[in-house]
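1. With the input below, show me the fold.
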Amino acid sequence: MFHSRFPKGRSQSNFERLRRIPIVHVAHVLGLQTAKSGNGTHAIRQNRETTSLILFEKTNTWKRFSGKEQGGVSGGSTIDLVMHIRECSLQDAIHFLSVHFL
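-> Sure thing, here's the model as predicted:
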């Protein structure tokens, strides 16, 4: 899940703003294809097949139920999703979201 330590020069309010970005929008900017799967959830599609990665609009979180678990992360916030998909650091994920959404 999300780290409680804030990188130098970052405030908690910036993190909260990044975490409130709609997760479906973040997925699209990451190049992921989504398919609404009902009740506010979206499955990620790859090569016309549904993967085990699910987005939850209501909680603005995600969960991967099997497969790739980079760094032990298999769910969390928008920041965690960027880290997971791009296989990047917390700093890089914050930069990515800031450039695309703030």
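2. drop to CA atoms for contacts and neighbour counts, all remaining ones
-> Fine.
3. Report the distance from the lengthiest helix in the chain to the chain centre.
-> When the chain is parsed with DSSP state H, its longest helix is helix 90-101. Its chain's C-alpha centre and that of helix 90-101 lie 11 Å apart, by C-alpha atoms, centre = their mean, to the nearest Å.
4. and if you look at stretch 38-53?
-> 14 Å.
5. Contacts made by that stretch with the rest, please.
-> Applying C-alpha atoms under 8 Å, 6 or more residues apart in numbering, the contact partners of stretch 38-53 are 24, 32-37, 54-58, 62-67.
6. Quick check on those: which are buried?
-> 24, 32, 33, 34, 54, 55, 56, 62, 63, 64 (16 or more other C-alpha atoms under 10 Å).
7. List the contacts of the third one.
-> Contact criterion C-alpha under 8 Å, 6+ apart gives 27, 44, 45, 46 as the residues in contact with residue 33.
8. Name the helix or strand for the spatially most central residue of the chain, please.
-> Centrality entry for the chain: nearest residue to the mean C-alpha point is residue 81, 2.3 Å, by C-alpha atoms, centre = their mean. Using DSSP states H and E, residue 81 sits in helix 78-86.
9. Confirm that residue 52 sits in a strand.
-> Yes: judged by DSSP: H, G, I helix; E, B strand; the rest coil, residue 52 forms part of a strand.
10. For residue 53, which non-adjacent residue is closest in space?
-> residue 64 (4.1 Å; C-alpha to C-alpha, 6 or more residues apart in numbering).
11. ugh, wrong one, I meant residue 44
-> Residue 44 sits nearest to residue 34 (C-alpha to C-alpha, 6+ apart), 4.6 Å away.
12. Among the buried ones among the contacts of stretch 38-53, pick out the one closest to residue 97, please.
-> residue 24 (13.0 Å; C-alpha to C-alpha).
13. Could I get the pLDDT score of that closest one?
-> pLDDT for residue 24: 97.
14. how close does it sit to residue 15?
-> For residue 24, the distance to residue 15 (C-alpha to C-alpha, to the nearest Å) stands at 18 Å.
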